[in-house]
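Participant: output the structure for:
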Amino acid sequence: MFHKILIANRGEIALRILRACRELGIRTVLAHSKVDAHSLPVRLADEAICVGPDEARSSYLNIPSIISAAAITDSEAIHPGYGFLSESAAFAEICRACGIVFIGPSPEAIRLMGDKAQAREIARQTGVPIIPGSEGPLKEVDQALSLTDAIGFPVMLKAAAGGGGRGMRIVRDRDDLGRAFATCEAEAATAFGSSEVYLEKFLDQARHIEVQVLGDRAGTRIHLGERDCSVQRRYQKLLEEAPATAIAPETRVGLHQAGLAVAQAVNYTSAGTVEFLVDREGHFYFIEMNTRIQVEHPVTEMLTGIDLVREQILIAAGEPLGLTQEAVRLAGHAIECRINAEDPETFAPSPGRVTAWGPPGGPWVRVDSHLLAPYTIPSVYDSLIAKIIVHGRDRGEAIDRMRRALAETIVEGVKTTIPFHLRLLQDPVFLRGGFALPKLEVAL
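Facilitator: Here you go, the predicted structure:
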């Protein structure tokens, strides 16, 4: 087992990793930017080291600085959390070359799944359904026009190296295709360093469902059920729940089997998420695999009682997966609401000074947050400030519990999305298991 792990992240996920390490008896080093020097994760870590100024590219994305921090502090492994360097094959390779364990999958698996066009082809070869579209990146707009003649509109252009909703455009007719193609290429180049894009059929009003998988170095792979992440705005998830609602039992089984098949195809180790779209007829299609821990992983932990971050660490240390598929039990219903420092009406960022913070409590309520009071939310990072997760015996009880938890949450000094979530949890469409909600832009 590791004696010391460097956490190369910030906010609630850094605190989440720190807690898992502490329960395993592992010392922690928090690599932080200058602006995060007095954050809660830094205060609670055994050691802390500044890796750069406020901007992420100079700190949390600064590979030489992070590797140096690990070497200076005698850290045996690095946990990248989510975002930042978590899906960087180059970073994973550098860790390997430096004799530092990257807590995540192999660089090879990250690279295979990181190219979205290539990942589609791997899924197709594995026998997992994929959405009709290009077989690889498109070189020019004429290729896109020829393809749309075959599959029809609407279509979606996506950055081949993309993720997180960036570099994506829905195109509904030929007149818009050229402009969207150029815009998507430009966004892809800026966000991911590659202008390659691919095209696929756009499935209107499809559910976004993901399957959580775990794999160890001995080749054991299991799934921990699925999560429904259909409620989104501009491709950003707002609420996640499990199990997925309004899908047939045979669809659920098929999703689990397909998720495992994709993980097996790339010899996947660690925690990963295989994402699908499910259309109105119950047909599902692979869209991508996220080779990291997900923001919404607590939903699965609440259902299964399995600590996913702990499992990541144990797997990276060479331990066999201490679970069998038969031993996994999915009980009740869990919901997560992402609480962002944003205007609940416009979703405009609302950074600033938090003057009061009172998290909810009570039975079967979990809060993952790095908030303090007073605390100044930096404007240079993601606006996520807390995740509230609840568990109930069924979906109705989970919704009631989440309403209660949100209503008693206190955040003063900045605007948050709590009022939005309270409206969402009373919307009749959502209560029926739908997600195309009034006054809510849902994008898939």
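Participant: helices and strands around the longest strand along the chain, which ones?
Facilitator: Longest strand in the chain by number of residues, with DSSP state E as the criterion: strand 221-233. Contacting strand 221-233 under the criterion 3 or more C-beta pairs under 8 Å, 6 or more residues apart in numbering; DSSP states H and E are the following elements: strand 207-215, strand 236-242, helix 249-265, helix 297-304. Heads up, the C-betas are built off the backbone N, CA and C, glycines and all.
Participant: which among these is found nearest to Glu121?
Facilitator: Glu121 lies closest, by C-beta to C-beta, to one member of these: helix 249-265, at 10.5 Å.
Participant: list the buried residues in that closest one.
Facilitator: Of the residues in helix 249-265, those buried under the neighbour-count criterion (16 or more other C-beta atoms under 10 Å) are Thr251, Arg252, Gly254, Leu255, His256, Ala258, Gly259, Leu260, Ala261, Val262, Ala263, Ala265.
Participant: what comes up buried for stretch 412-427?
Facilitator: If you call a residue buried by 16+ other C-beta under 10 Å, then stretch 412-427 has these buried ones: Gly413, Val414, Lys415, Thr416, Thr417, Ile418, Phe420, His421, Leu424, Leu425.
Participant: for Ala334, what are its contacts?
Facilitator: Glu241, Ala242, Pro298, Val299, Thr300, Met302, Leu303, Ile389, Val390, His391, Gly392, Ala398 (C-beta atoms under 8 Å, 6 or more residues apart in numbering).
Participant: which parts of the stretch 1-150 of the chain are strands?
Facilitator: Assigned by DSSP state E, counting those that start in this stretch, the strands in the stretch 1-150 of the chain fall at 4-7, 27-33, 47-52, 77-79, 101-102.
Participant: what does the first one rub up against?
Facilitator: For strand 4-7, contacts defined as C-beta under 8 Å, 6+ apart pick out 14, 17-18, 21, 26-31, 41, 45-46, 66, 69-70, 73-79, 81, 103, 313.
Participant: again with the last one
Facilitator: By C-beta under 8 Å, 6+ apart, the surrounding residues in contact with strand 101-102 are Phe2, Glu76, Ala77, Ile78, Pro80, Phe91, Ala92, Cys95, Arg96, Ala316, Ala317.
Participant: could you dump the residues you listed to JSON lines with neighbour count, pLDDT and distance to Ser369?
Facilitator: Rendered in JSON lines, the data for the contacts of strand 101-102 read as follows (neighbours: other C-beta atoms under 10 Å; pLDDT from 0 to 100; distance: C-beta to C-beta, whole Å):
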{"residue": "Phe2", "neighbour count": "19", "pLDDT": "98", "distance to Ser369": "26"}
{"residue": "Glu76", "neighbour count": "17", "pLDDT": "98", "distance to Ser369": "28"}
{"residue": "Ala77", "neighbour count": "21", "pLDDT": "98", "distance to Ser369": "25"}
{"residue": "Ile78", "neighbour count": "28", "pLDDT": "99", "distance to Ser369": "23"}
{"residue": "Pro80", "neighbour count": "26", "pLDDT": "98", "distance to Ser369": "20"}
{"residue": "Phe91", "neighbour count": "23", "pLDDT": "98", "distance to Ser369": "27"}
{"residue": "Ala92", "neighbour count": "27", "pLDDT": "98", "distance to Ser369": "28"}
{"residue": "Cys95", "neighbour count": "25", "pLDDT": "98", "distance to Ser369": "29"}
{"residue": "Arg96", "neighbour count": "13", "pLDDT": "98", "distance to Ser369": "33"}
{"residue": "Ala316", "neighbour count": "23", "pLDDT": "98", "distance to Ser369": "26"}
{"residue": "Ala317", "neighbour count": "17", "pLDDT": "98", "distance to Ser369": "28"}
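Participant: tabulate these (CSV), appending distance to Leu61.
Facilitator: Converted to CSV, those look like this (distance: C-beta to C-beta, whole Å):
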residue, distance to Leu61
Phe2, 24
Glu76, 22
Ala77, 19
Ile78, 13
Pro80, 11
Phe91, 9
Ala92, 14
Cys95, 15
Arg96, 19
Ala316, 21
Ala317, 26
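Participant: from those residues, which land in helices?
Facilitator: Cross-referencing the contacts of strand 101-102 against helices under DSSP state H gives Phe91, Ala92, Cys95, Arg96, Ala316.
Participant: still on that earlier bit, of all the helices and strands packed on strand 221-233, which one is nearest Ile385?
Facilitator: Between Ile385 and those, the shortest gap by C-beta to C-beta is with strand 236-242, which sits at 14.0 Å.
Participant: partner strands of that closest one, with direction?
Facilitator: Sheet pairing of strand 236-242 (DSSP bridges) gives strand 221-233 (antiparallel), strand 333-340 (antiparallel).
Participant: between the ones you listed, which one is closest to Leu157.
Facilitator: When the strands paired with strand 236-242 are ranked by distance to Leu157, counting by C-beta to C-beta, first place goes to strand 221-233 at 17.7 Å.
Participant: and the average pLDDT for the closest one is what?
Facilitator: Mean per-residue pLDDT for strand 221-233: 96.
Participant: what's the answer for stretch 253-267, then?
Facilitator: Stretch 253-267 shows a mean pLDDT of 98 in the predicted model.
Participant: that older thread, which one of the strands of the stretch 1-150 of the chain lies nearest to Phe435?
Facilitator: strand 77-79 (32.4 Å).
Participant: what are the pairing partners of that closest one, and which direction each?
Facilitator: The strands beside strand 77-79 in its sheet (DSSP bridges) come out as strand 4-7 (parallel), strand 101-102 (parallel).
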